[in-house]
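K.L.:
next input, structure requested:
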Amino acid sequence: MYEVRESPHFSNLVRAGYLKKHKKILDDINKIKKRLQQNPTNLGNCVPRLQSLPPSLNCAIYKTRMNDSSNRIGAQGGFRIYYIVCSKEFVVHLLFLYHKRETENPHLDYLLQNLKHSLDSLGL
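P.N.:
Next comes the predicted model:
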């Protein structure tokens, strides 16, 4: 079983950016965390264009969908969560998220900027 942790950047995004408009987001995140504990590589899709990690970390970045229960929006129109799976340590770090309705198709620069903030906040 994997341990699931939130990066400080992820926690800041949730509390500062989404908690006010999405009252049930913490419940939705807890559901995703429970699923990630079991098998994180099968829950989401690997994101090859964000694989800018040192090979020595033996980690891969994934993206998954999450419902927005606050607004009764399914996973397809809800949140996107990016996370890193470190297989050696059996740890999953939640890196960042965005809402599909607010950021339809994010540019690579947007994703890389959030990835950098997340990895910096984790000290990776």
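K.L.:
my guess is Gly74 meets Asn67, correct?
P.N.:
Yes: with contact defined as Cβ atoms under 8 Å, Gly74 counts as touching Asn67 (5.8 Å). For glycine as for every other residue, the C-beta is placed from the backbone atoms N, C-alpha and C.
K.L.:
can you give me the strands for this protein?
P.N.:
Assigned strands in the chain, in chain order: 3-6, 45-46, 59-66, 79-86, 91-99 (criterion: DSSP state E).
K.L.:
okay, those in CSV with mean neighbour count next?
P.N.:
Listed next are these as CSV, based on neighbours: other Cβ atoms under 10 Å:
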stretch, mean neighbour count
strand 3-6, 17
strand 45-46, 12
strand 59-66, 19
strand 79-86, 22
strand 91-99, 22
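K.L.:
relative to Leu111, which of these is closest?
P.N.:
Ranking these by proximity to Leu111 (Cβ to Cβ) places strand 79-86 first, at 7.5 Å.
K.L.:
state the mean pLDDT of that closest one.
P.N.:
Summarised as a single mean, pLDDT over strand 79-86 is 94.
K.L.:
thinking again about what came up before, could you export the strands of the chain as TSV, including distance to Lys31?
P.N.:
As requested, these are exported to TSV (distance: least, Cβ to Cβ, whole Å):
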stretch	distance to Lys31
strand 3-6	11
strand 45-46	19
strand 59-66	8
strand 79-86	11
strand 91-99	13
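K.L.:
same drill for Gly74 and Asn67, tell me which one is more crowded.
P.N.:
Asn67 (20 against 11; other Cβ atoms under 10 Å).
K.L.:
next, count neighbours for the closest residue to Leu19 other than its chain neighbours.
P.N.:
Spatial nearest neighbour of Leu19, excluding adjacent residues (Cβ to Cβ, 6 or more residues apart in numbering): Ile25 at 6.0 Å. Neighbour count for Ile25, taken as other Cβ under 10 Å: 24.
K.L.:
from Phe10, how far out is Ile25?
P.N.:
12 Å (Cβ to Cβ, to the nearest Å).
K.L.:
and what of Val47?
P.N.:
The gap separating Val47 from Phe10 is 16 Å, by Cβ to Cβ.
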